[in-house]
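> The sequence and its predicted three-dimensional model are supplied below.
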Amino acid sequence: MLTAAGRRGRALVTLVVAALVLWGTFLGEDDDFPFGPFKMYAGREDPDGLVLSTRVEAVDSGGRLRVVDETSTGLRRAEIEGQAQRLRASPELLGLLAAAHAALRPDEPPLVEVRVVERTYRLRDSRPTGEQSEIVLVSWRAP
């Protein structure tokens, strides 16, 4: 059984959390999560628009093209996407992915080139049309 002070304390905490959630809903950004919106799935794509998909790919010292995933470097695709502007400004940061790969997979050939590639898919009635294009957003080559 809660005391009167305990009930008032719980009510106060509830009001504070509710106020933070309301503030975050109307004024917050994703960085304010859990009190701000997590907008990743809050909207929908244009059924006749474009969808962007980003990936990291690399060339190892044997010349083999590889898709780099989080098990190779410890970074998830969303983290790479979130750092796209920073990577464009400082491509040498992609060298850190090569270093992470070497540390996590020392038995595999080292990565000598790393690039972030963006693929664009065109939709028609929410279905892929087959029309797509790719651009390299940023790349790094080992010295």
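That came in fine, so what should we check first? Numbering: from 1, shown residues only.

> next one: the lengthiest helix in the chain to chain centre, how far?
Determined from DSSP state H, the single longest helix within the chain is helix 4-27. A distance of 31 Å separates the centroid of the chain from that of helix 4-27, by Cα atoms, centre = their mean, to the nearest Å.

> what's next to the next helix or strand after that helix, contact-wise?
The first helix or strand that comes after helix 4-27 along the chain, using DSSP states H and E, is strand 50-60. Residues from elsewhere that reach strand 50-60 (Cβ atoms under 8 Å, 6 or more residues apart in numbering): 45, 65-69, 73, 77, 80-81, 84, 97-98, 101, 108-123, 128, 137. For the C-beta atoms, the positions are set from N, CA and C on the backbone; glycine is no exception.

> so the residue most central in space within the chain is in which element?
The centroid of the chain falls nearest to residue 78 when counting by Cα atoms, centre = their mean (1.2 Å). Here residue 78, judged by DSSP H and E, is contained in helix 77-82.

> Quick check: buried residues in that helix?
For helix 77-82, a neighbour-count test (16 or more other Cβ atoms under 10 Å) marks 80-81 as buried.

> Quick one: mean pLDDT over it.
In this model, helix 77-82 carries a mean pLDDT of 86.

> Kindly report the same for stretch 110-130.
94.

> Same question for it: list its buried residues.
Within stretch 110-130, judged by 16+ other Cβ under 10 Å, the buried ones are 111-118, 121, 123.

> rewinding a little: how about the helix or strand that the helix holding residue 78 is followed by: buried residues?
Downstream of helix 77-82, the next assigned helix or strand under DSSP H and E is helix 84-89. Buried residues in helix 84-89, counted by 16+ other Cβ under 10 Å: residue 87.

> which helices and strands does helix 84-89 pack with?
The contact analysis (3 or more Cβ pairs under 8 Å, 6 or more residues apart in numbering; DSSP states H and E) places helix 84-89 against strand 127-141.

> For residue 45, give me its contacts.
Counted by Cβ under 8 Å, 6+ apart, residue 45 has contacts 51, 123, 126.

> Name every strand pairing with the host helix or strand of the second one and say which way it goes.
When secondary structure is defined using DSSP H and E, the element that contains residue 123 is strand 111-124. The sheet places strand 111-124 alongside strand 50-60 (antiparallel), strand 127-141 (antiparallel), with pairing taken from DSSP bridges.
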